[in-house]
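>>> Here is the input, now give the coordinates:
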Amino acid sequence: MKTLTKYQGVSSLACAVALFGTGANLFADTIEFGNPPDPGNGNFFPFTGNGFNINNRYQQVYNSSFFAGAGYIDTITFYNTQLPGAVFETADYTIRLSTTTKPVNGLDFNMNNNVGGDEAVFYAATLSGLTGVSFTFDGSDFYYDPSLGNLLVDIQRVNQIVNSGSGFLDARNGTFGTDSSRMHNYDSGFESFGLRTTFETKGTSVPDAGPTFALLGFALLGLGAVRRQLAQ
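Sure, this is the predicted structure:
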């Protein structure tokens with residue numbers, strides 16, 4: 001498995017954990033879409049190109065019901081198991097995530113209309129060479145609450161080297177049902193089409209801050225009492 005990692009800053013949540021000592025209870029979850037993929041088949045949008053040189057923007061929407069609750073999207077994985085040997089179209093890729101109000105199989109042809117107000121860059125880098133049987137983007141954590149809408153992955157690429165990519169990634173080609181669908185600014189095939197995808201999430205169950213502040217208050221009161229006794 002190829003893991004593609006970018007620098008991630010320390011989150012405010014981590015700072016809060018360090019500050020209060022008790023911390024937040026972190027847990028991981030794995031959410032899979034399109035597994036198993038269509039056997040002996042695949043799709044080259046948006047990473048391998050395979051001759052579609054105008055391939056520069058791709059969106060895939062994922063049904064919110066697959067996510068158990070709110071949490072941080074930590075990694076995204078795509079696959080090349082059915083027709084191994086895929087090669088990235090060499091280009092500068094940017095992956096953005098957002099919460100969209102658009103339904104699966106209902107993305108707008110005006111792709112900007114699909115983007116949610118919480119859009120954030122998850123990953124940005126130059127990709128090239130073999131994809132491997134799977135490749136994982138370990139990007140900047142994105143907070144996602146499935147109660148607010150579906151998850152949208154928006155992939156754009158620029159400065160591509162024409163015809164440098166080839167091969168097909170694991171996909172559902174018209175067989176995704178209402179689990180996931182795509183939109184792109186080239187060719188056709190949108191409803192129930194999309195790449196097999198795995199999300200790793202970090203969820204949070206933050207303890208009530210009330211007891212913590214209460215204990216801190218008692219400690220300060222006790223310290224004040226000691227100081228008064230010493231002053232007498």
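>>> Helices of the chain, residue ranges please.
With helices called from DSSP state H, the chain shows them at 12-20, 209-231.
>>> Now the weakest link among those helices, please, by mean pLDDT.
For these, the bottom mean pLDDT is recorded on helix 12-20, which sits at a mean of 37.
>>> Off-centre distance for stretch 106-121?
15 Å (CA atoms, centre = their mean, to the nearest Å).
>>> how close does the closest residue in space to T48 that isn't next to it in sequence get to A91?
Closest residue in space to T48, ignoring its immediate chain neighbours: G165 at 4.2 Å, by CB to CB, 6 or more residues apart in numbering. For every residue, glycine as well, the C-beta is placed using N, CA and C. Plainly put, G165 is 8 Å away from A91 if you go by CB to CB, to the nearest Å.
>>> So for the two, which sits in the more crowded spot?
G165 (27 against 23; other CB atoms under 10 Å).
>>> contacting residues for the more buried one?
Neighbour list for G165: F44, F47, T48, G49, N50, A86, V87, F88, E89, T90 [criterion: CB atoms under 8 Å, 6 or more residues apart in numbering].
>>> nearest to S98, of those residues?
When those are ranked by distance to S98 (CB to CB), F47 comes first, at 19.9 Å.
>>> What is the burial count for the closest one?
So F47, with other CB under 10 Å, has 26 neighbours.
>>> Over to S98?
21.
>>> Against N113, how distant is L130?
Distance from L130 to N113, by CB to CB: 35 Å.
>>> Please pull out the lowest mean pLDDT helix or strand from the chain.
In the chain, no helix or strand scores lower on mean pLDDT, DSSP states H and E than helix 12-20, which sits at a mean of 37.
>>> give me the number of residues near the closest residue to D141 other than its chain neighbours?
Using CB to CB, 6+ apart and skipping the chain neighbours, the partner closest in space to D141 is Y72 (4.1 Å). Counted with other CB under 10 Å, the neighbours of Y72 add up to 18.
>>> what does the one 10 residues further on give?
Here the count is done by other CB under 10 Å, and Q82 has 19 residues near it.
>>> Surely Q60 touches D179?
No. With contact defined as CB atoms under 8 Å, Q60 does not reach D179; the gap is 10.7 Å.
>>> Pick out whichever of the two has more residues nearby.
The neighbour comparison of Q60 against D179 (other CB under 10 Å) goes to Q60, with 25 against 19.
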